[in-house]
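J.: I'd like to go over a predicted model; first the sequence, then the structure.
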Amino acid sequence: MEIEDFVILRRDLHAHPELRFQEFRTADCVASHLEAWGFEVDVGLAGTGVVGTLRGKGPNSILLRADMDALQLQELNDFPHVSRNPGVMHACGHDGHVTMLLAAAHRLSQRKRLPGTIHVVFQPGEEGGAGAQRMIDVGLLERCKAGAAFALHAWPQLPVGTIASRPGPIMAAGVRFIVTVNGRGAHAAQPQLGTDPITTAALMIQQFQLLVSRETDPNVALVLSVCMFQAGETDNIIPNQAVLRGTIRALGSQAIANTMERMQQMAHLLARANGAEAQVTFHQHYPVTANNADAVTVAFEAARSATHKPPLAVVESPPNMTSEDFGFILERMKGAYVLIGNAGASNRCSAMPLHSPNFDFNDDLIPIGARYWEAIVDRYFESEMAA
Ligand SMILES: [Zn+2]
Ligand SMILES: [Zn+2]
């Protein structure tokens, strides 16, 4: 396959996005190509996950990961490869991640000799599904005993091909919360006869922000956002119930644990003080995505290696408060999560923010990303990490 074929493949994936754990068409496409190129292929891991392995000489191996899922979002682009699937869109570039890793897999499969064993992992459910953890649960890391793991994410805030990463935390730990406030409904003009859950929930929103600004060391990166406030049906009835939903993100799990505990206490105290009851539940815990310093060095050296003429620009990334389930893999093994610039003049959607209905992966990145993946493999097996 030539680069033009991978561009066609990427646009086909973009036109046929699939939500988390429903990536059947995408997984079939991935598996059939890997099989054709001589990989040992396992399918159906955590539902739709695909793992391909190319055995090389030597005892060392490397794990390369791409995510496959799309988002629940109506695409607003009007180019020919716009999503054919209403309300579902590749707005996070995972169509491109799959394509770059496939293009790299193709190039690696054509080599006569490999410096070590290469595992390519195509995972489902990155967007809020903790697909990486689900693959670990069904034995991913026993199947792929690798010395290091790497992942790339297209990044619209950087020029096409620029490499950005950092040792230590690059993505935040996160947890989502649901606070249910139960009061007692009444006439809007007779609040004294009921218990208003709306005013109590409003106090909670204020109090939760104080946990960030007044109880957390200002040097600790922590953000709490209430993103949903649901209550009531009409304008003259105090409802029985109010529900708040949102997320906490931090660069350390201790800050999140402290805030969760204090949210519980505050929700119950404020509810009690106002004659209501509160229930707080947490779900979807993601760990910090923390890079290993040696793996970041491998990633940076790969960008500067002879594979790229001229070398790819390398910048030190600040940590991001977004979360990423590759963190589950980096809890278990060394590795690096690397951002690769997506913004370029040839595609006006390539600089739109991730998760925007106008975002598009930049096809100019396919050959760059494929060669970069190869350079990471080569540099890794030459490095002390693989020694
Ligand atoms: Zn995303
Ligand atoms: Zn993403």
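T.: Yep, it's here. Ligands and ions are numbered 1, 2, ... in the order given.
J.: quick check: domain ranges of the chain?
T.: Domain assignment for the chain by automatic domain parsing gives 3-169+288-386, 173-286.
J.: Ends of the longest one, what's the gap?
T.: Domain 3-169+288-386 has an end-to-end distance of 30 Å (CA to CA, to the nearest Å).
J.: average pLDDT for that domain?
T.: Average pLDDT, domain 3-169+288-386: 97.
J.: Please name the strands paired to the lengthiest strand in the chain in the sheet, noting orientation.
T.: Secondary structure of the chain read by DSSP state E shows that its longest strand is strand 148-159. Sheet partners assigned to strand 148-159 using DSSP bridges are listed as strand 61-67 (parallel), strand 335-343 (parallel).
J.: Dump these to CSV, plus mean neighbour count and distance to N291.
T.: In short, each C-beta sits where N, CA and C put it, glycine included. Formatted as CSV, the strands paired with strand 148-159 follow (neighbours: other CB atoms under 10 Å; distance: least, CB to CB, whole Å):
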stretch, mean neighbour count, distance to N291
strand 61-67, 26, 14
strand 335-343, 27, 5
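J.: Let me have those in JSON lines, adding distance to R55 as columns.
T.: Formatted as JSON lines, those follow (distance: least, CB to CB, whole Å):
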{"stretch": "strand 61-67", "distance to R55": "9"}
{"stretch": "strand 335-343", "distance to R55": "20"}
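J.: The longest helix along the chain: how far from the chain's middle?
T.: Identified as the longest helix of the chain according to DSSP state H is helix 253-273. With CA atoms, centre = their mean, to the nearest Å as the basis, helix 253-273 stands 27 Å off its chain's centre.
J.: what mean pLDDT does it have?
T.: 97.
J.: Now that helix: buried residues?
T.: 253, 255-256, 258-260, 262-264, 266-267, 270-271 (16 or more other CB atoms under 10 Å).
J.: Then stretch 280-295?
T.: Here stretch 280-295 shows V280, H285, Y286, P287, V288, T289, A290, N291, N292, D294, A295 as buried, counting by 16+ other CB under 10 Å.
J.: Kindly report the same for stretch 318-333.
T.: P319, N320, M321, S323, E324, D325, F326, G327, F328, I329, L330, M333.
J.: thinking again about what came up before, kindly reformat the buried residues of stretch 280-295 as CSV containing secondary structure.
T.: Output for the buried residues of stretch 280-295, formatted as CSV (DSSP: H, G, I helix; E, B strand; the rest coil):
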residue, secondary structure
V280, strand
H285, strand
Y286, strand
P287, coil
V288, coil
T289, strand
A290, strand
N291, strand
N292, coil
D294, helix
A295, helix
